[in-house]
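In: Have a look at this prediction, sequence included:
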Amino acid sequence: CMILFFFNGTATTEIYNLSLHDALPISGNQVVEFASNDITPSELSRYAISLGKEYNNALMVPEINASGIAFLDKIKYVYNNIYRRTVLDSRTKEQKQSLGWRTTGTTKPKLVNDLQDATSETQIIINSKELLKEMKTFVRTEESGKQGYGAEGSKKDDRVIATGLALQGMRYVPHMKPRS
């Protein structure tokens with residue numbers, strides 16, 4: 001088993017115990033949740049590195065929008081198991097690997113749709129009442145200025161996004177290549 005963790009810009013962490021079986025799809029059981037609006041990227045990076053080491057060099061999937069970039073800057077030289085995405089280099093037109101998950105108008109629907117599929121197919125087991133509450137108010141809207149996915153009204157969606165990041169990490173694991 002492997003433990004994965006995930007951070008988005010508001011210091012929300014979801015840790016899933018990952019089961020890898022040859023004959024079954026990857027599945028995850030939520031084992032830890034942490035959420036705070038009162039933690040700096042430096043404090044979060046120390047906490048994340050400590051947890052990562054405690055959980056067998058867990059894969060981290062940081063969302064690199066907004067303050068997530070500061071978090072990534074703090075961990076990338078001292079922690080080596082970080083999610084990588086393939087991007088097209090605008091200068092060379094070649095594909096390259098970049099650290100972290102960037103949420104965009106293209107990647108957010110994928111994250112949300114994959115999360116909907118995983119929860120309906122019970123590929124992940126959610127043990128957090130707070131996360132379940134957030135999921136109930138997570139909607140798609142066409143309202144002017146708010147198009148897309150997010151929390152309804154003044155509700156929060158940090159745990160939903162962190163869980164979506166966790167799922168992307170779970171799907172990334174089979175494609176990981178050992179580093180020399």
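Out: Great, that's in hand.
In: can we go C-alpha only for contacts and neighbour counts from here?
Out: Will do.
In: quick one, helices of the protein?
Out: Along the chain, counting by DSSP state H, helices occupy 41-54, 68-75, 107-120, 129-136, 158-172.
In: any chance of the ones you listed in TSV, plus distance to Lys96?
Out: Below are the helices of the chain laid out as TSV (distance: least, Cα to Cα, whole Å):
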stretch	distance to Lys96
helix 41-54	25
helix 68-75	18
helix 107-120	17
helix 129-136	34
helix 158-172	16
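In: could those helices go into a markdown table alongside distance to Gln30 and mean neighbour count?
Out: Below are these laid out as a markdown table (distance: least, Cα to Cα, whole Å; neighbours: other Cα atoms under 10 Å):
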| stretch | distance to Gln30 | mean neighbour count |
| --- | --- | --- |
| helix 41-54 | 15 | 16 |
| helix 68-75 | 22 | 19 |
| helix 107-120 | 12 | 16 |
| helix 129-136 | 11 | 15 |
| helix 158-172 | 9 | 25 |
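In: what would those look like in JSON lines with distance to Glu142 and mean pLDDT?
Out: Output for the helices of the chain, formatted as JSON lines (distance: least, Cα to Cα, whole Å; pLDDT from 0 to 100):
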{"stretch": "helix 41-54", "distance to Glu142": "33", "mean pLDDT": "86"}
{"stretch": "helix 68-75", "distance to Glu142": "27", "mean pLDDT": "90"}
{"stretch": "helix 107-120", "distance to Glu142": "14", "mean pLDDT": "92"}
{"stretch": "helix 129-136", "distance to Glu142": "18", "mean pLDDT": "92"}
{"stretch": "helix 158-172", "distance to Glu142": "19", "mean pLDDT": "87"}
